[in-house]
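J.: Sequence first, then the predicted structure:
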Amino acid sequence: MMRVRIGKCLLYGSGLTFGSGFGYSLYQSGGDLNNIGAVRFGRAAIAVGKIAYDYKKTLYSEEVKDKEMYEKNKSDCHLRSAEELLKLCCANGGCFIKVGQHIGALDYLLPEEYVNTMKILHSRAPEMPLDDIYSVLNEEFGQDPTELFASFDPVPLGTASLAQVHKAVLFNGQVVAVKVQHKYVRKHSFVDIWTCDFLVRMVKVAFPQFEFMWLADELRKNMPLELAFTKEAENSEKAARMFKDYTWLKIPKISWNLTTDRVLVMEYFSGAHVNDVDALLSQGIDVFDVSSKIGQMYSKMIFDDGFVHCDPHPGNVLVQKNAAGDTQVVLLDHGLYTQLNNKFRYDYADFWSAIINRDVEAIKLAADNLGVGNLYGLFACMVTARSWTSIQKGVDVAERSASESAEIKANVTLYLREITDVLAFVNRQMILIFKTNDLLRGIESTLGTKNSMSSFIQMSRSCMRVIQEKQLLETTSSFARWKVNLRGRWAQFRISCYEVFLYLYWSKLGATLMLRSFSS
């Protein structure tokens, strides 16, 4: 009898403790179940479990007999899993949106079913209620928005994974953009990061042939930096100093008196997103000029300064015309940068130079220095988004074709295991380069400027400058420095000649002279 009473007491006590804890968590989360860590973890665990079960059942349950049917089933499974992952990202928000955006930025590296499904998160992140916006402003400044701003537009300019941006006017008449962190994202971040890390480890146990720890590592390292808006303000000012001679590039100035770790107030810029072709053309903006400027901007970041914007997607790049009618590019969202070390800059420049020169042995050596080893061929294809045949022929002379693009996308699924190995073993700084290269290719494709090869030309110019810099450091005499400088000028001249050739090749004059017909 006594045991029964003790059992009941323990049961009731446990229930009371759990109920009290749950009630307190619900109170602390503003009455929203989505803000309770255990709920978010459970939702993520269920979603990942369903995905893992689907893959096991669809792809690993029996021997492959019909290869064509197997490939169809695999594609369908990728799509179902991507949609399940998208639902999880939207439901949990915050860090999960960031993971989804990261996946959506890895075109030609992950199955297209995942990339295409996740890309919508770049422009359709869940919106935060206006009351939450006002609550964060009040918590940070101890004042109502009406005391901080002469006017505050309730309709957001944009919603991202970690924050929401509104247009406002200061009492001095200045128009500003106000970036406000999602109310609960900082509170969620620790549990969400731990959850993603745990679930990726579980996926590794279930599928040991795939290595996705790099994704969890990136989130764990970068999320705390992105949640500090004062750091974003510092990055913004550093980038502005770095590009001070680029008069066509605009970076919003910071209002420091209204900036905290959760609120960032900056200069407001209007403009069309860089991938909105209709809006650009309606303003009479030269898309080839835009493509060239974007290529210059990222080439300088990667090769010249090594200080690289880590969130390169079209939503963070605006294009506008100034009062004089000149095209300007506006770079937004400076929350996360990485500083490439000189060794990486030199190794990557050597790798890029080897691709330009079609030197397979040099590609092997440079790829090994970047941590890839025997997967150098696949790595070269991942960097350039070209087939190995085109790389051997020369990416500067091998024309892009629909069949080559289809081949590359098919190979992503075929070599998924090897691709995940490359992402796992390559120098961590390279993950960012993949995202940047994808942005540049996407912009050229959307703007219809692929044939100008703007990104390739700008990257080649910067690459040659870095190699010249490296060689100058190794010289010991004036004559040797003279030879290095002469080779550098010759390399830049060759690139200029190639640029002129491309212009003529794709012009009406090129068609008239049958240059294209001759070259093919």
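T.: Everything's here; your move.

J.: show me where the stretch 201-350 of the chain has helices.
T.: Counting by DSSP state H, counting those that start in this stretch, the stretch 201-350 of the chain has these helices, from start to end: 213-226, 229-242, 277-282, 287-299, 342-356.

J.: For the shortest one, list every residue counted as buried.
T.: Spelled out, it's helix 277-282. For helix 277-282, the neighbour count (16 or more other C-beta atoms under 10 Å) marks 277, 280 as buried. Where you see a C-beta, it was placed from the backbone N, CA and C, and this is true even at glycine.

J.: List the contacts of that helix.
T.: The contact list for helix 277-282 (C-beta atoms under 8 Å, 6 or more residues apart in numbering) reads 272, 273, 274, 287, 290, 319, 446, 447, 448.

J.: Just send the residues you listed back as a markdown table, with neighbour count, distance to residue 185 and pLDDT too.
T.: Shown next, in a markdown table, are the contacts of helix 277-282 (neighbours: other C-beta atoms under 10 Å; distance: C-beta to C-beta, whole Å; pLDDT from 0 to 100):
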| residue | neighbour count | distance to residue 185 | pLDDT |
| --- | --- | --- | --- |
| 272 | 20 | 28 | 92 |
| 273 | 19 | 24 | 91 |
| 274 | 27 | 27 | 91 |
| 287 | 20 | 36 | 91 |
| 290 | 24 | 33 | 92 |
| 319 | 23 | 29 | 95 |
| 446 | 18 | 30 | 85 |
| 447 | 23 | 33 | 87 |
| 448 | 12 | 38 | 83 |
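
J.: With distance to residue 216 added, can I get those in a markdown table?
T.: Formatted as a markdown table, these follow (distance: C-beta to C-beta, whole Å):
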| residue | distance to residue 216 |
| --- | --- |
| 272 | 36 |
| 273 | 30 |
| 274 | 30 |
| 287 | 38 |
| 290 | 36 |
| 319 | 35 |
| 446 | 31 |
| 447 | 34 |
| 448 | 38 |
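
J.: any idea which of the residues you listed is closest to residue 111?
T.: Residue 111 has its nearest neighbour among these in residue 446, at 21.2 Å by C-beta to C-beta.

J.: angle of the helix or strand hosting that closest one against helix 342-356?
T.: When elements are assigned from DSSP states H and E, residue 446 belongs to helix 429-447. Helix 429-447 runs at 50 degrees relative to helix 342-356, counting by axes from the mean of the first three to the mean of the last three C-alpha atoms, to 10 degrees.

J.: List the buried residues in helix 429-447.
T.: Of all the residues in helix 429-447, those buried under the rule 16+ other C-beta under 10 Å are 429-444, 446-447.

J.: Then stretch 40-58?
T.: 40, 41, 43, 44, 47, 48, 51, 52, 54, 55, 58.

J.: Check for me that the third one belongs to a helix.
T.: Yes: judged by DSSP: H, G, I helix; E, B strand; the rest coil, residue 43 forms part of a helix.

J.: where in this protein is pLDDT low?
T.: Along the chain, the model assigns pLDDT under 70 to residues 1-35, 61-64, 108-109, 123-124, 203-212, 397-398, 413, 451-452, 505-520.

J.: Spell out the residue ranges of the strands in it.
T.: 151-152, 158-159, 163-169, 175-181, 249-250, 263-267, 272-273, 307-309, 317-321, 327-331, 337-339 (DSSP state E).

J.: Now distance to residue 394 too, for those, in a markdown table please.
T.: Shown next, in a markdown table, are the strands of the chain (distance: least, C-beta to C-beta, whole Å):
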| stretch | distance to residue 394 |
| --- | --- |
| strand 151-152 | 55 |
| strand 158-159 | 41 |
| strand 163-169 | 44 |
| strand 175-181 | 44 |
| strand 249-250 | 31 |
| strand 263-267 | 44 |
| strand 272-273 | 33 |
| strand 307-309 | 27 |
| strand 317-321 | 30 |
| strand 327-331 | 30 |
| strand 337-339 | 31 |
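
J.: Out of those, which is closest to residue 218?
T.: With C-beta to C-beta as the criterion, residue 218 lies closest to strand 337-339 of those, at 10.5 Å.

J.: Tell me which other helices or strands the closest one touches.
T.: On a contact count with 3 or more C-beta pairs under 8 Å, 6 or more residues apart in numbering; DSSP states H and E, strand 337-339 meets helix 229-242, strand 307-309.

J.: Just put the ones you listed in JSON lines and tack on distance to residue 301 and mean neighbour count.
T.: Shown next, in JSON lines, are those (distance: least, C-beta to C-beta, whole Å; neighbours: other C-beta atoms under 10 Å):
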{"stretch": "helix 229-242", "distance to residue 301": "8", "mean neighbour count": "18"}
{"stretch": "strand 307-309", "distance to residue 301": "4", "mean neighbour count": "21"}
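
J.: Could I get these in TSV, plus columns for distance to residue 160?
T.: Formatted as TSV, the helices and strands packed on strand 337-339 follow (distance: least, C-beta to C-beta, whole Å):
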stretch	distance to residue 160
helix 229-242	12
strand 307-309	15
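
J.: just so I know, which of these lies nearest residue 159?
T.: Closest to residue 159 of the helices and strands packed on strand 337-339 is helix 229-242 (C-beta to C-beta; 15.8 Å).

J.: So what angle separates the directions of the closest one and strand 163-169?
T.: Comparing the axes of helix 229-242 and strand 163-169 via the same axes, to 10 degrees yields an angle of 70 degrees.

J.: Only C-alpha atoms, please: export helix 229-242 in CSV.
T.: The C-alpha coordinates for helix 229-242 follow below in CSV (Å, rounded to 0.1, in the frame of the first residue of the first chain):
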residue,chain,number,x,y,z
PHE,A,229,24.2,43.8,-35.5
THR,A,230,27.0,46.0,-34.2
LYS,A,231,29.4,43.6,-35.9
GLU,A,232,27.4,44.0,-39.1
ALA,A,233,27.8,47.8,-38.8
GLU,A,234,31.6,47.4,-38.4
ASN,A,235,31.8,45.1,-41.4
SER,A,236,29.7,47.6,-43.4
GLU,A,237,32.1,50.5,-42.6
LYS,A,238,35.2,48.3,-43.4
ALA,A,239,33.7,47.3,-46.8
ALA,A,240,32.9,51.0,-47.5
ARG,A,241,36.6,51.9,-46.9
MET,A,242,37.8,49.0,-49.0
